[in-house]
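Asks: here you go, sequence then predicted model.
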Amino acid sequence: MTAMPTLVPAPDSALLEAVIEQAPTPLWVIAPQGHVQLVNRAAVTLLGYHHRGELLGRPSHGTLHDTRPDGSRYPQEHCPIVGRPGSGPRNGTEWFTTRSGRPVPVVWMARSLGPTGATLLSFEDAGHRGTGGPGNERQAARRADTHEIRTRARVRDELFQQVHQHFRDPQFGVAQLARANHLSVRSVQVLFAEVGRTPGDEIRSARLDFARQLLERGASVRSACHDSGFNDQGTFARAFRRRFGESPSGFAGKRS
């Protein structure tokens, strides 16, 4: 293994390593080349490893989440932690993978460590925030399952909100929704399917409901079509008829 780059001149590097090791929050340092340079006991424990030697020198992104929870590949360039370096702090939620392959929902924050190009990453299990202790393994497993369900529900709620914020953009679709949330299209589809919906149907439904409101207010069929996010009137008319049982012009005519 090649020698790891020095973060800061000694003895500051040793001091930084000591501070990181004593921190109760899972921490690790990502070298400019993308590998794990420092890691503390809290991070080792959370991810189910036995000792730091199993993590040091490994690719950070590949170790944390080279695949998404649905098994699809998670390209490093899509990762906001190491794929989009910046001088300012950044944070978010992600799914990390334990040593055994179990996905864990986490809340994370990353910041650059000065001119060295290294990144300090802190994270914690989003499901265990404020639970007050480990408990026995069976109870912990039940808590983890419950929190994973709650976390998935929260992500799904955010996706629904984004649909209703952006549906009027004709370029907005399932791929754009997935990309904005660092998810695969399949992951988004699975989250919607868990409540008997599809993301495409949700976007279309939001557009049709809005178009109907516009028509009720006296808008023309053409403006209702384009202002609600449809690209062409033919597609709009067919979707409107399937949803409401009549054409947009027929619906508008009853209210003129």
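Replies: Here it is on my side, so go on.

Asks: all helices for the stretch 51-200 of the chain, in order.
Replies: 60-65, 137-166, 174-180, 185-193, 199-216 (DSSP state H, counting those that start in this stretch).

Asks: can I get those helices in a markdown table with mean pLDDT?
Replies: Formatted as a markdown table, the helices of the stretch 51-200 of the chain follow (pLDDT from 0 to 100):
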| stretch | mean pLDDT |
| --- | --- |
| helix 60-65 | 92 |
| helix 137-166 | 67 |
| helix 174-180 | 91 |
| helix 185-193 | 87 |
| helix 199-216 | 94 |
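
Asks: most packed of these?
Replies: Mean neighbour count (mean count of other Cβ atoms under 10 Å) peaks for helix 60-65 among those, with a mean of 21. For the C-beta atoms, the positions are set from N, CA and C on the backbone; glycine is no exception.

Asks: packing partners of that helix?
Replies: Packing partners of helix 60-65 (3 or more Cβ pairs under 8 Å, 6 or more residues apart in numbering; DSSP states H and E): strand 90-97.

Asks: now the strand it packs on: average pLDDT?
Replies: Across strand 90-97, the average pLDDT comes to 85.

Asks: flag every buried residue along it.
Replies: Thr93, Glu94, Trp95, Phe96, Thr97 (16 or more other Cβ atoms under 10 Å).

Asks: by how many degrees do it and helix 185-193 diverge?
Replies: 90 degrees (axes from the mean of the first three to the mean of the last three Cα atoms, to 10 degrees).

Asks: which strands and helices lie in contact with strand 90-97?
Replies: If you count contacts as 3+ Cβ pairs under 8 Å, 6+ apart, strand 90-97 packs onto helix 60-65, strand 103-112.

Asks: distance between the first one and the chain's centre?
Replies: Okay, so that is helix 60-65. Here helix 60-65 is found 15 Å from its chain centre; the criterion is Cα atoms, centre = their mean, to the nearest Å.
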